[in-house]
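K.L.:
Here is my input, please return the structure:
(chains A and B)
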There are 2 protein chains.
Amino acid sequence: MSILGSRWPLAAVLLLSAAGSPLSSPAAFAAADPLPSWNDTSSKKAIIAFVERVTRTGGPDFVPAAQRIATFDNDGTLWGEQPMYFQAFFILDRVKALAPQHPEWRQREPFASILKGDMKAALAGGEPALVELAMATHAGTTTEEFDTIVRDWIATARHPKTGRRFTEMVYQPMLELLAYLRANDFKTYIVSGGGIEFMRPWTEQVYGIPPEQVIGSSIKTRFEIRDGKPVLVRLPELNFIDDKAGKPVGINSHTGRRPIAAFGNSDGDLQMLQWTAAGPGARLCLYVHHTDDVREWAYDRQSHVGRLDKGLDEAVARGWTVVDMKNDWRVVYAFEKK
Amino acid sequence: MSILGSRWPLAAVLLLSAAGSPLSSPAAFAAADPLPSWNDTSSKKAIIAFVERVTRTGGPDFVPAAQRIATFDNDGTLWGEQPMYFQAFFILDRVKALAPQHPEWRQREPFASILKGDMKAALAGGEPALVELAMATHAGTTTEEFDTIVRDWIATARHPKTGRRFTEMVYQPMLELLAYLRANDFKTYIVSGGGIEFMRPWTEQVYGIPPEQVIGSSIKTRFEIRDGKPVLVRLPELNFIDDKAGKPVGINSHTGRRPIAAFGNSDGDLQMLQWTAAGPGARLCLYVHHTDDVREWAYDRQSHVGRLDKGLDEAVARGWTVVDMKNDWRVVYAFEKK
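P.N.:
Down below sits the predicted model:
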């Protein structure tokens, strides 16, 4: 302070403090970085360059805030999906919880195998078996009852390999990306093949994404007056599959807008990325590529969950951003930092 | 100014100007009223009392901003619906515009009657005829082509009785109500039996309601790659009827929340109001009752469009707010003020 002398007015001292050493230290620089869990590679640079382009007022690629729609797949993009979709663990736990009310399940597949702990046999029936399991565990309640069931489960259930709660297995770099986009007036949506009512009870707390910005697969519901009280009853009937070609349909149905940025990790997200890319102006299409078998899982073209094959070819051919989890992410899960 | 004398500092003069005569004049008082087109009757008082209750921080009925969801029917609640739903005029104009590509329509009902100008005969076929007309005029294009068709029509078509554009036939008191709720951090939604893609192209400009907050009836769409370009094609297949018991279903599907305020004008809105009323805490359920056959139309229990019968009984029995258009609204349409 001695070089300033006592004649300098307070305002000038404050200005110099703000521009001076505290903020130019490495720690302060990191705090100002909106994506601190991303290494300084091409993926991070592509994200930041895109956001700067579409938010630069008067620039050639400026997009008004109301049109800054960003859509995120959930399984494998915002949280993990191995060794199977986390919603499948919910289904298994629900079968066990409901079994006392269904003695017939002990003799009936796919329930019998699940109750014996033989997952492989239970899933041998393929998609029809899965749909039967989903209906038996997701229908038959009111929407409010189902909300409570999901909240109770997600608060206590743990992943069999990591021992963590499923909501701890969200990707820290993607949380930062969501926050960075929202800080730049983007509206962030989830667009998932998972159940819309399975996600809504916890996405606001975990991702900062409110229920009205969650798009997913659904079963039909019916309005009824029960004991004088209006309720919505969940029916064992598929309503909409929000996967593959269903994703652009779901986005249009819910928003009436085309995203300018879309994020996925599998071939199930390809049509969402194609539809996003086809709009006018600057676009960001990004695939998360699971390449880290130490901190997470490594899989792509051969995986039965989250297969990324055609999508990877198209991403490379079209110059979309492909995140290499192993090299692009300094941290995978938030709990690693603790 | 003479009483102030020249010694008064400028700031004090400005302060006195702000608090002084200009703002206490009747005109300035009206400018501070959030609902100037509403007469000072019980309906207006009920609206303001409700908003003050749910927004009073620390009060017993306080509702966090994120949960302040308000849903509005469109036909007969935000704009007119006589002598028939305005979307029906769109259908008629589309039949005429498409007729050269469909020479067979000259011999086929309900198209033949429309082309001869005999509306009564055209609609004699009831709902099947209407569905056929809707499919013939709303499907077969991409979502973007349909958006353009609606924009072009709404910019030029005029109501047969008033000679006004349909978007001029919106209710000024309801525009003020929408703005008042949004100023109090409500999120305002349209929940209409009308077509979702018929409304979305113009609701933001006319009502300040963006496309993602429009819920309506829909046909199915399909994702396709046409000439290398991804598009959503509108199919001649019903997807969802957002009317009566469909309204709570549509609201839940789009928002995952229960409204705390709901506004309608017909029995088609009754289930939406029932579902809204059944939630915990303060609720506002309001019916617009069409009682003014001079400035608008008077109709309720016997009307084939916008029938209000069971809903009126239930509103009275439960103490919901029933707006008497003739006595509660100082202005009906914004253009009356000019």
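K.L.:
quick one: A:G163 from A:F335, how far?
P.N.:
Distance of A:G163 to A:F335, computed by C-beta to C-beta, to the nearest Å: 11 Å. (Each C-beta comes from the backbone N, C-alpha and C, glycine too.)
K.L.:
which stretches of the stretch 51-200 of chain A aren't confidently modelled?
P.N.:
Applying pLDDT under 70 to the stretch 51-200 of chain A flags no residue at all.
K.L.:
Write out the residues of it neighbouring chain B.
P.N.:
Selection of the stretch 51-200 of chain A residues close to chain B by C-beta under 8 Å from any C-beta of the partner chain yields A:66, A:143, A:187, A:196-197, A:200.
K.L.:
In strands only, show me those.
P.N.:
In this view, those that belong to strands under DSSP state E are A:K187.
K.L.:
ok, back up a step: neighbour-wise, which of A:G163 and A:F335 wins?
P.N.:
Neighbour count, other C-beta atoms under 10 Å in any protein chain shown: between A:G163 and A:F335, A:F335 has more, with 14 against 8.
K.L.:
Could you measure from that one over to A:E176?
P.N.:
Counting by C-beta to C-beta - A:F335 and A:E176 are separated by 15 Å.
K.L.:
re earlier: quick check: the farthest pair among the residues of the stretch 51-200 of chain A next to chain B?
P.N.:
The span of those, defined through C-beta to C-beta, is set by A:A66 and A:T143 at 29.4 Å.
K.L.:
Tell me where the stretch 201-338 of chain A has helices.
P.N.:
A:246-255, A:270-277, A:310-318, A:325-328 (DSSP state H, counting those that start in this stretch).
K.L.:
Using CSV, lay out those together with distance to chain B and mean pLDDT.
P.N.:
Shown next, in CSV, are the helices of the stretch 201-338 of chain A (distance: least, C-beta to the nearest C-beta, whole Å; pLDDT from 0 to 100):
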stretch, distance to chain B, mean pLDDT
helix A:246-255, 4, 98
helix A:270-277, 5, 98
helix A:310-318, 12, 98
helix A:325-328, 27, 98
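K.L.:
on that earlier part again, return the member of the residues of the stretch 51-200 of chain A next to chain B nearest to chain B.
P.N.:
Set against chain B, the nearest of those by C-beta to the nearest C-beta is A:R200 (4.3 Å).
K.L.:
Would you confirm that that closest one contacts B:H254?
P.N.:
No: look at A:R200 against B:H254 with C-beta atoms under 8 Å: they stay out of range, at 11.5 Å.
K.L.:
pLDDT below threshold where in the stretch 201-338 of chain A?
P.N.:
By pLDDT under 70, the weakly predicted segments of the stretch 201-338 of chain A are A:337-338.
K.L.:
Write out the residues of it neighbouring chain B.
P.N.:
Checking the stretch 201-338 of chain A against chain B by C-beta under 8 Å from any C-beta, the hits are A:204, A:210-212, A:214, A:218, A:221-223, A:225, A:229-230, A:232, A:245-246, A:248-249, A:252-257, A:271, A:274-275, A:278.
K.L.:
buried subset of those residues?
P.N.:
Neighbour counting with 16 or more other C-beta atoms under 10 Å in any protein chain shown marks A:204, A:210-212, A:214, A:218, A:221, A:223, A:230, A:232, A:245-246, A:248-249, A:252-257, A:271, A:274-275 as buried within these.
K.L.:
give me the element A:T71 is part of.
P.N.:
Taking DSSP states H and E as the definition, one finds A:T71 inside strand A:69-72.
K.L.:
Just give the strands next to that strand in its sheet, each with its orientation.
P.N.:
Strand pairing for strand A:69-72, using DSSP bridges, gives strand A:187-195 (parallel), strand A:261-264 (parallel).
K.L.:
Which stretch among the ones you listed is buried most, on average?
P.N.:
strand A:261-264 (a mean of 29; mean count of other C-beta atoms under 10 Å in any protein chain shown).
K.L.:
ok, and what's touching it?
P.N.:
By C-beta atoms under 8 Å, 6 or more residues apart in numbering or on different chains, the residues outside strand A:261-264 that reach it are A:50, A:68-73, A:77, A:174, A:177, A:181, A:186, A:191, A:269-270, A:272-273, A:275-276, A:283-288, A:311.
K.L.:
what's the straight distance from one end of stretch A:279-292 to the other?
P.N.:
By C-alpha to C-alpha, to the nearest Å, the extent of stretch A:279-292 from end to end equals 33 Å.
K.L.:
Buried residues, it. List them.
P.N.:
Residues of stretch A:279-292 classed as buried by neighbour count (16+ other C-beta under 10 Å): A:279, A:282-292.
K.L.:
From those residues, which land in strands?
P.N.:
Counted as lying in strands by DSSP E, out of those, are A:284-289.
K.L.:
For the residues you listed, please prepare a markdown table with the additional fields distance to A:T41.
P.N.:
Compiled in a markdown table, these are given as follows (distance: C-beta to C-beta, whole Å):
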| residue | distance to A:T41 |
| --- | --- |
| A:L284 | 16 |
| A:C285 | 17 |
| A:L286 | 13 |
| A:Y287 | 15 |
| A:V288 | 14 |
| A:H289 | 13 |
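K.L.:
Which residues does stretch A:151-164 contact?
P.N.:
Residues from elsewhere that reach stretch A:151-164, judged by C-beta under 8 Å, 6+ apart: A:80, A:83, A:86, A:89-90, A:93-94, A:165-167, A:169, A:201-202, A:333, A:335.
K.L.:
of those residues, buried ones?
P.N.:
Among the contacts of stretch A:151-164, the ones that count as buried by 16+ other C-beta under 10 Å are A:80, A:86, A:89-90, A:93-94, A:166-167, A:169, A:201-202, A:333.
K.L.:
from the residues you listed, which is closest to A:S42?
P.N.:
Nearest to A:S42 among the buried ones among the contacts of stretch A:151-164: A:Y333, at 23.0 Å, using C-beta to C-beta.
K.L.:
Quick check, the closest one in contact with A:F166.
P.N.:
No: taking contacts as C-beta under 8 Å, A:Y333 lies outside contact range of A:F166: 11.4 Å.
K.L.:
tell me, what's touching the two both at once?
P.N.:
Common neighbours of A:Y333 and A:F166 (criterion: C-beta under 8 Å, 6+ apart): none identified.
K.L.:
Need the distance between the two termini of stretch A:114-131.
P.N.:
15 Å.
K.L.:
And for it, what's in contact with it?
P.N.:
With C-beta under 8 Å, 6+ apart, stretch A:114-131 has contacts from A:92, A:95-96, A:99, A:105-106, A:109-111, A:113, A:132-133, A:238.
K.L.:
now swap in stretch A:180-189 and tell me
P.N.:
In contact with stretch A:180-189 (C-beta under 8 Å, 6+ apart) are residues A:34-35, A:47, A:51, A:55, A:65, A:68-72, A:178, A:207-209, A:213-215, A:251, A:254-255, A:259, A:261, B:212.
K.L.:
can I assume A:P201 is in contact with A:T143?
P.N.:
No: if you go by C-beta under 8 Å, A:P201 and A:T143 don't touch, sitting 10.5 Å apart.
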